[in-house]
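[1] Sequence isn't available, so here's the structure alone:
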């Protein structure tokens, strides 16, 4: 097969090695050790490295737990919630949140008007 030798030679491949052998120069580069799979699971994002001061580590952990709303998740997952009741609860929570934002906005407008002397 002289045509295949010419084609492989043009591509930079070695045709002198017998078929079925592996050339290490053709191997893909090794995977770097820094390419780690991200940690997943129930403790992901709720772990803190302790570097010297334990009190600051507990403070950071407390902030992460409160930001992730772990207590609220625990109380919601304590019992099964029927899908219809869940929809109703979410609707109530959305309404309360929107009402609170609107109320804060209205109070801000009134305080601004008061500061301007209106």
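    Structure received. Being a predicted model, the structure only gives us computed values, none of them experimental. Residues are numbered from 1 along each chain as shown.
[2] pLDDT at the nearest residue to residue 61 once chain neighbours are set aside, what is it?
    Distances taken as C-beta to C-beta, 6 or more residues apart in numbering put residue 48 closest to residue 61, at 4.6 Å, once the chain neighbours are dropped. Every C-beta, even on glycine, is put in place using the N, C-alpha and C of the backbone. Looking at residue 48, its pLDDT is 83.
[3] can you tell me which residues contact residue 48?
    Residues near residue 48 by C-beta atoms under 8 Å, 6 or more residues apart in numbering: 57, 58, 60, 61, 64.
[4] could the residues you listed be laid out in JSON lines, adding pLDDT and distance to residue 85?
    Formatted as JSON lines, these follow (pLDDT from 0 to 100; distance: C-beta to C-beta, whole Å):
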{"residue": "57", "pLDDT": "90", "distance to residue 85": "39"}
{"residue": "58", "pLDDT": "91", "distance to residue 85": "36"}
{"residue": "60", "pLDDT": "89", "distance to residue 85": "36"}
{"residue": "61", "pLDDT": "88", "distance to residue 85": "33"}
{"residue": "64", "pLDDT": "87", "distance to residue 85": "30"}
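[5] Helix or strand next in line after the helix-or-strand element of the chain with minimal mean pLDDT, which one?
    None of the helices or strands of the chain scores lower by mean pLDDT, DSSP states H and E than helix 2-11, at a mean of 58. Counting by DSSP states H and E, the next helix or strand C-terminal to helix 2-11 is helix 54-67.
[6] what's the following helix or strand after that next one?
    Past helix 54-67, the next helix or strand by DSSP H and E is helix 70-76.
[7] Quick one: residues in contact with that next one.
    With contact meaning C-beta under 8 Å, 6+ apart, helix 70-76 is reached by 46, 65.
[8] mind redoing it with 10 Å?
    42, 46, 64, 65, 66, 69, 86, 89 (C-beta atoms under 10 Å, 6 or more residues apart in numbering).
[9] From residue 94, how far off is residue 75?
    19 Å (C-beta to C-beta, to the nearest Å).
[10] Can you get me a residue count around residue 81?
    Applying other C-beta atoms under 10 Å, we find 13 residues neighbouring residue 81.
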